[in-house]
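Chemist: I'll drop the sequence and a predicted model, then ask my questions.
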There are 2 protein chains.
Amino acid sequence: MNEDFFGELKPTPRLLMGPGPVNAYPAVLHAMSTPLLGQFDPQFREYMRQISELYRAVFQTGNRSTLLVDGTARSAIEAALVSLIEPGDKVLVPVFGRFGHLKVEIARRCGAEVVPIEAEWGRVFPDEVLEKAVRLHQPRIVAVSHGDTSTTMAQPLAALGKICCEREVFLYVDATATLGGMEVATDLWSLDAVSAGLQKCLGGPPGCAPLTLNDRAAKRIGARRHLEQGLKKPGEKDGEGPIIRSNYFDLAMVMDYWSDKALNHHTEATTMLYAARECARICLREGLSGAFARHALASRALREGLQAMGLELFGDPAHRMANITGVLIPPGIDGERLRSTLLERHNIEIGTSFGPLHGRIWRIGTMGYNARPDPVYATLNALEEVLLEQNFSLPRGDGFDAARAVYGAGES
Amino acid sequence: MNEDFFGELKPTPRLLMGPGPVNAYPAVLHAMSTPLLGQFDPQFREYMRQISELYRAVFQTGNRSTLLVDGTARSAIEAALVSLIEPGDKVLVPVFGRFGHLKVEIARRCGAEVVPIEAEWGRVFPDEVLEKAVRLHQPRIVAVSHGDTSTTMAQPLAALGKICCEREVFLYVDATATLGGMEVATDLWSLDAVSAGLQKCLGGPPGCAPLTLNDRAAKRIGARRHLEQGLKKPGEKDGEGPIIRSNYFDLAMVMDYWSDKALNHHTEATTMLYAARECARICLREGLSGAFARHALASRALREGLQAMGLELFGDPAHRMANITGVLIPPGIDGERLRSTLLERHNIEIGTSFGPLHGRIWRIGTMGYNARPDPVYATLNALEEVLLEQNFSLPRGDGFDAARAVYGAGES
């Protein structure tokens, strides 16, 4: 270490067009410089109330229990599952990408009897397959991704919500990759618990995770409420359900902390809350439908551009996420070398993929702040250059023109 | 909600003199506005390597596994315990305040057989009591707070470290409230695992938690390594130990993520990492011994001032933390009303307490950025005013003068 202990932060600025994190909105970065407040300061409690109200609008829900989990998006998946799953519960997990496997693995660690069902990567489950699986396996809980960035596919949820609701099965949805970028209609689709993250369509940094629970889910979790010794009042009774296996992720306690009881639990991550607040404000000022349309348009422009360059898109066209696109790496192209060149020469980051898709596709995100024309154009132009360098044959300029035509059609 | 969705963040600035969070250093707030990077960007991986090196210096250790847990300080307590504790393990927890009870409760949720031993709040354990308990109970793990802000006491750890090391017991220490403010000699004291937070003596926001593991702890945890499906290479084998009950807090996976393997796990909380980096730089540029002396001096000035005002300090004077002071609420004074007046009129926050100390003491922190003369003076002056308002009899100006004399003695 040098005398200045590595010096000040001065990263080369990157255009983050991968699966997230993406570039944060400048207003979000600005909000993160706001001075701290104590967690029980009336001003801070008011900000917490505002967060609940803002995220109710973002999640399209009336759920009282709408709050932040202090950790990355993955932390809220675990918080939802460990709080909902009682050891021995049967949990059905429809897996259509890496983040399905993740839910299988988290649910197992929570002591669940997990029933995974798998779809080919690049496809989603037809409604009737899910309905049949719910009837057949009779799970207590279904845990599913809305959008799985590893395959760029989005699972339709309305029918699944209806099936689960009718059969009194709890439905948990991981909307990390879609919230703010495409429809997540929590109440309309009867989703019992939904969690997300800031670093995708909401254009914030990773590090805190919005979560909403309906009354049915909150009641199940509340029945497992066990107060910490040292906080318990004389005579106060614990819930009758089995204790939740995590303290940090015990949503019964987190709900108490967020409620007007303001019962001490963790120390709320002040600055991350400021970021979450600004992310929601930006999303709501634009309007949800405006934000969804902007994401869809950016993806359409990108996809037209990619295809005009002679590239082939990955996955079922009917179920693509609005904010990320899978592109097949053409034969003869060194996908990792291309990504490195893009990053080093153009300061543009795109994503690789996992498991069966590793080395087969690139993933290009157009989300949050970056779902705009200029990042799409810059990415297509740079991609053209690095593809040509690797002797890929393509008509110069056609990618940009095709994207421009998509945006141009929407201009006056 | 109004049209502007509650408007921009504009909190009234507070001087945070409670048990934490305290005001963050301006340079830390500034660092949090730095644009994001992708988590596998070579620049970001370099920042992660720097973080490890910086926190090795802060923890006074050579431990390879020195990293951040993405959550508040409490998250790292749980990460350490859930990763170290195998269900059925006997865990000895010396409890001398609320955060001892917290470790009892977390260890129980991890499936441990927990043996709590208790000291009166306001005292710590003599070395021989701890030694006897370790001999008697023969635990696999001892989990203890270094400083417990609920009582303002600090437990000496050198002798406990020696006993545990000799008997091959794992010693986990929660140094959330002391790291950067008083000696935490990880290697010298033979501590196997130590975790902390940013929001106390390090002068950052809550939301990420530095943690260090020595090779012995890392080996135990590594033996419980289970890779996520979808990330596992063909033929790759899991460890032989029982799977860790949490995915998010699985330190075997978090170590893989932080190592040169860069194995995907969570998405590192970019901005919190930036904050952690700046906190460590500030601490190391001042020098650990300088930072410890500054905290000790601020506390001494505060305590002299409080006593000169006729207030009585709480707890064993031989074992006070260097960065927080307990003050008995005098008879006839409404402690909560006084705290409200301090906050509303003077914008100064001090702390209440928990459990047996609720309503009996205030807690005043002098830590991180706020361990300076002017916050101490401002606090004493404001406290004098609000005490007088409640008809407490005190000699005007004596508090300030006594604090000034402490600082004056160190001036040229």
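Modeler: Nice, I can see it.

Chemist: quick check: next helix or strand after whichever helix in chain A runs longest?
Modeler: In chain A, taking DSSP state H as the definition, the longest helix is helix A:288-308. Note on helix A:288-308: by DSSP states H and E, the next helix or strand toward the C-terminus is strand A:324-328.

Chemist: now for the residue lying closest to A:R281 once chain neighbours are set aside, how many residues are close by?
Modeler: Nearest residue to A:R281 in three dimensions, chain neighbours excluded: B:F5, at 4.5 Å (CB to CB, 6 or more residues apart in numbering or on different chains). All C-beta atoms are positioned from the backbone trio N, CA, C, and that covers glycine. If you count neighbours by other CB atoms under 10 Å in any protein chain shown, B:F5 ends up with 19.

Chemist: tell me the SS of B:F5?
Modeler: Put simply, B:F5 is coil when judged by DSSP: H, G, I helix; E, B strand; the rest coil.

Chemist: now do the contacts for it.
Modeler: Going by CB atoms under 8 Å, 6 or more residues apart in numbering or on different chains, B:F5 touches A:L54, A:A280, A:R281, A:L284, A:R285.

Chemist: the fourth one: which element?
Modeler: This points to A:L284. Under the assignment here (DSSP H and E), A:L284 is part of helix A:270-286.

Chemist: packing partners for that helix?
Modeler: Contact here means 3 or more CB pairs under 8 Å, 6 or more residues apart in numbering or on different chains; DSSP states H and E; on that basis helix A:270-286 packs against helix A:26-31, helix A:42-59, strand A:65-69, helix B:270-286.

Chemist: and stretch A:27-46, how far out from the chain's middle?
Modeler: Mean C-alpha position of stretch A:27-46 versus that of the full chain (CA atoms, centre = their mean, to the nearest Å) differs by 24 Å.

Chemist: likewise for stretch A:319-333?
Modeler: With CA atoms, centre = their mean, you get 19 Å for stretch A:319-333.

Chemist: only the buried residues of that stretch, if you could.
Modeler: Residues of stretch A:319-333 classed as buried: A:319-330, A:333 (neighbour count, 16 or more other CB atoms under 10 Å in any protein chain shown).

Chemist: where does the stretch 1-150 of chain A have low pLDDT?
Modeler: Along the stretch 1-150 of chain A, the model assigns pLDDT under 70 to no residue.

Chemist: which stretches of it form helices?
Modeler: Ranges of helices in the stretch 1-150 of chain A, per DSSP state H, counting those that start in this stretch, are A:26-31, A:42-59, A:73-84, A:98-109, A:127-137.

Chemist: which residues are in contact with stretch A:276-285?
Modeler: Residues outside stretch A:276-285 that contact it (CB under 8 Å, 6+ apart) are A:25, A:27-28, A:30-31, A:47, A:50-51, A:54-55, A:57-58, A:68, A:180, A:198, A:202-204, A:208, A:210, A:291, B:1, B:4-6, B:9.

Chemist: Throw the helices and strands packed on helix A:270-286 into a markdown table and include mean neighbour count, thanks.
Modeler: Shown next, in a markdown table, are the helices and strands packed on helix A:270-286 (neighbours: other CB atoms under 10 Å in any protein chain shown):
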| stretch | mean neighbour count |
| --- | --- |
| helix A:26-31 | 20 |
| helix A:42-59 | 19 |
| strand A:65-69 | 24 |
| helix B:270-286 | 25 |
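
Chemist: and B:K90, which of those is closest to it?
Modeler: strand A:65-69 (31.2 Å; CB to CB).

Chemist: how many residues are close by A:I141?
Modeler: Number of residues near A:I141 (other CB under 10 Å) recorded here: 27.

Chemist: how close does the spatially most central residue of chain A get to chain B?
Modeler: The residue lying closest to the centre of chain A (CA atoms, centre = their mean) is A:T176, at 1.3 Å. A:T176 is 9 Å from chain B, where distance means CB to the nearest CB, to the nearest Å.

Chemist: with A:G235 instead?
Modeler: On the measure of CB to the nearest CB, A:G235 and chain B end up 15 Å apart.

Chemist: over to A:Y25?
Modeler: On the measure of CB to the nearest CB, A:Y25 and chain B end up 11 Å apart.

Chemist: the helices in the stretch 301-412 of chain A, which residues?
Modeler: Using DSSP H, counting those that start in this stretch, helices in the stretch 301-412 of chain A cover A:335-346, A:373-389, A:398-409.

Chemist: for the second one, which positions count as buried?
Modeler: Within helix A:373-389, the residues that count as buried by 16+ other CB under 10 Å are A:373, A:375-384, A:386-387.

Chemist: try the last one
Modeler: Neighbour counts over helix A:398-409 (16+ other CB under 10 Å) mark A:D398, A:G399, A:F400, A:A402, A:A403, A:R404, A:V406, A:Y407 as buried.

Chemist: the last one contacts A:S299, doesn't it?
Modeler: In other words, A:Y407. No - applying CB atoms under 8 Å, one finds A:Y407 not in contact with A:S299, separated by 12.0 Å.

Chemist: these two touch, right, A:N264 and A:M253?
Modeler: No - between A:N264 and A:M253 there is no contact under CB under 8 Å: 9.2 Å.

Chemist: those two: which has the busier surroundings?
Modeler: Regarding A:N264 and A:M253, a neighbour count based on other CB under 10 Å identifies A:M253 as having more, with 24 against 16.
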